[in-house]
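Engineer: Okay, structure incoming, though there's no sequence with it:
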């Protein structure tokens with residue numbers, strides 16, 4: 001019997017419809033994402049990927065991408081399974097088809113005689129971008145794509161932003177009272193949120209490549225910006241201080257970790273304070289002099305471009321109000337994460353009080369809103 005391309009596609013569609021009755025697509029993909037999350041904070045700039053091997057109604061093996069430069073999730077799953085031939089592979093991101101730090105996963109999938117591959121979303125990386133799917137289909141493997149696609153894209157939002165825009169994914173994080181204050185009239189902000197919320201913030205730090213603060217937060221709170229209240233790796237730490245006003249004795253400069261500390265200041269003040277430059281350089285701090293305006297204010301967009309060149313794929317902005325406002329007003333943030341504590345200050349500093357807006361009609365709206373409870377606080381998350 002001779003079949004043209006249209007007939008083959010029709011038969012495949014009928015086959016996939018029958019297959020869907022037998023294999024719990026979405027349930028298995030959710031388990032893939034749970035597995036993939038184990039690599040959070042360790043695989044950047046690679047995506048988080050999980051893989052499950054399914055045969056005869058049972059999961060017979062699984063794996064995930066453990067760390068950058070290590071084997072990919074599919075290979076990890078193969079190594080954890082005795083026999084994978086004629087099985088179904090479920091993976092949240094399209095298997096790679098090119099040689100990078102590891103050989104192509106698509107080639108190994110073909111070699112292992114996998115009969116079917118279920119994929120959450122295609123890889124946006126131009127060197128993959130459907131080529132892995134095409135290679136596997138050409139080898140006779142049934143490939144099904146788009147299972148929980150939106151969830152899979154959001155799950156790897158850091159990777160998708162960086163690989164398509166060449167810019168880090170940026171989240172603005174603030175803790176505020178129920179009446180919108182992030183500090184009292186004396187600039188005290190510790191502690192507005194609950195202990196559970198502070199642990200939550202430390203888990204966020206462990207997932208993001210870098211944490212950024214401004215000079216005001218550095219002076220007022222003297223934060224270390226490390227991960228201490230939960231397990232996880234420390235992020236790179238960034239201080240924006242056009243006037244070079246942050247004391248060189250601050251904790252952010254003293255912590256001894258394997259991560260880098262970037263200090264952005266104006267070219268004018270870099271030249272004005274050679275002793276401060278020498279003191280920080282001696283401690284291994286990377287000082288980046290930038291162009292600035294007459295008041296030594298730095299250009300946030302240029303800072304982000306600089307961070308992208310350093311390979312920073314995700315950025316958590318932790319303060320303060322001036323930076324929050326700039327990131328939101330200039331549309332440089334992708335996500336807003338607000339911890340709302342059941343406290344009323346009355347007078348104090350607002351998180352976004354520097355945004356120049358005079359009417360509801362011109363207000364900045366968030367989308368894809370979600371909520372969760374953290375101790376007595378509410379965590380509010382939305383996208384710009």
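Structural biologist: Thanks, I have the structure now. Note that this is a predicted model, so its numbers are computed, not measured. Numbers count the residues shown, from 1 in each chain.

Engineer: And the helices in the chain, which stretches?
Structural biologist: 5-22, 25-36, 73-79, 105-111, 131-138, 149-155, 157-165, 195-207, 215-221, 251-254, 267-272, 274-282, 300-309, 321-329 (DSSP state H).

Engineer: Residue 365: which of these is closest?
Structural biologist: helix 321-329 (11.3 Å; C-beta to C-beta). C-betas here are computed from N, CA, C, even on glycine.

Engineer: packing partners for that closest one?
Structural biologist: Counting contacts by 3 or more C-beta pairs under 8 Å, 6 or more residues apart in numbering; DSSP states H and E, helix 321-329 packs against strand 169-177, strand 210-214, helix 215-221, helix 300-309, strand 314-319.

Engineer: rerun that using 7 Å as the cut-off
Structural biologist: Contacts defined by 3 or more C-beta pairs under 7 Å, 6 or more residues apart in numbering; DSSP states H and E place helix 321-329 against strand 169-177, strand 314-319.

Engineer: for the first one, packing partners?
Structural biologist: Packed against strand 169-177 by the contact rule (3+ C-beta pairs under 7 Å, 6+ apart) you find helix 157-165, strand 181-183, helix 195-207, strand 314-319, helix 321-329, strand 335-341.

Engineer: The closest residue to residue 258 other than its chain neighbours and residue 208: what is the separation?
Structural biologist: Spatial nearest neighbour of residue 258, excluding adjacent residues (C-beta to C-beta, 6 or more residues apart in numbering): residue 234 at 7.5 Å. From residue 234 across to residue 208, the span is 11 Å (C-beta to C-beta, to the nearest Å).

Engineer: And the two? Which one has more around it.
Structural biologist: For residue 234 versus residue 208, neighbours defined as other C-beta atoms under 10 Å are more numerous around residue 208 (26 against 19).

Engineer: follow-up on the earlier one: and the helices and strands packed on strand 169-177, which one is worst for confidence?
Structural biologist: Ranked by mean pLDDT, those bottom out at strand 181-183, which scores a mean of 88.

Engineer: Can you list the neighbours in contact with that strand?
Structural biologist: By C-beta atoms under 7 Å, 6 or more residues apart in numbering, the list of residues contacting strand 181-183 from outside reads 174-176, 189, 192, 321, 345, 348-351.

Engineer: which one of the helices and strands packed on strand 169-177 lies closest to residue 140?
Structural biologist: Nearest of those to residue 140, taken as C-beta to C-beta: helix 157-165 at 29.4 Å.

Engineer: Show me what counts as buried in that closest one.
Structural biologist: 157-163 (16 or more other C-beta atoms under 10 Å).

Engineer: Next up, the contacts around residue 338.
Structural biologist: By C-beta under 7 Å, 6+ apart, the contact set of residue 338 is 174, 176, 380.

Engineer: Which one of the residues you listed is nearest to residue 281?
Structural biologist: Nearest to residue 281 out of the contacts of residue 338 is residue 174 (C-beta to C-beta; 31.7 Å).

Engineer: In this structure that closest one contacts residue 352, no?
Structural biologist: No: at 8.4 Å, residue 174 and residue 352 do not qualify as touching, with contact defined as C-beta atoms under 7 Å.

Engineer: Could you check which of these two is surrounded by more residues?
Structural biologist: Between residue 174 and residue 352, counted using other C-beta under 10 Å, residue 174 has the larger neighbour count: 24 against 21.

Engineer: What residues are bridge-paired with that one?
Structural biologist: Beta bridges link residue 174 to residue 338, judged by DSSP bridges.

Engineer: From residue 282, how far off is the most centrally placed residue in the chain?
Structural biologist: Most central in the chain under C-alpha atoms, centre = their mean is residue 158, positioned 3.8 Å from the mean C-alpha point. Using C-beta to C-beta, residue 158 is found at 33 Å from residue 282.

Engineer: burial count for the residue nearest to residue 346 when sequence neighbours are not counted?
Structural biologist: Leaving aside its chain neighbours, residue 346 sits nearest to residue 179 (6.9 Å; criterion: C-beta to C-beta, 6+ apart). By other C-beta under 10 Å, 13 other residues sit near residue 179.

Engineer: What of residue 249?
Structural biologist: By other C-beta under 10 Å, the residues close to residue 249 number 9.

Engineer: Could you do residue 26 as well?
Structural biologist: Using other C-beta under 10 Å, residue 26 has 12 other residues around it.

Engineer: again, but for residue 308
Structural biologist: 16.

Engineer: ok, now residue 132?
Structural biologist: Residue 132: 26 neighbours (other C-beta under 10 Å).

Engineer: And residue 42, by the same measure?
Structural biologist: By the criterion of other C-beta under 10 Å, residue 42 has 17 neighbours.

Engineer: Now it: closest residue in space, sequence neighbours ignored.
Structural biologist: residue 67 (4.5 Å).

Engineer: This completes my enquiry, with thanks.
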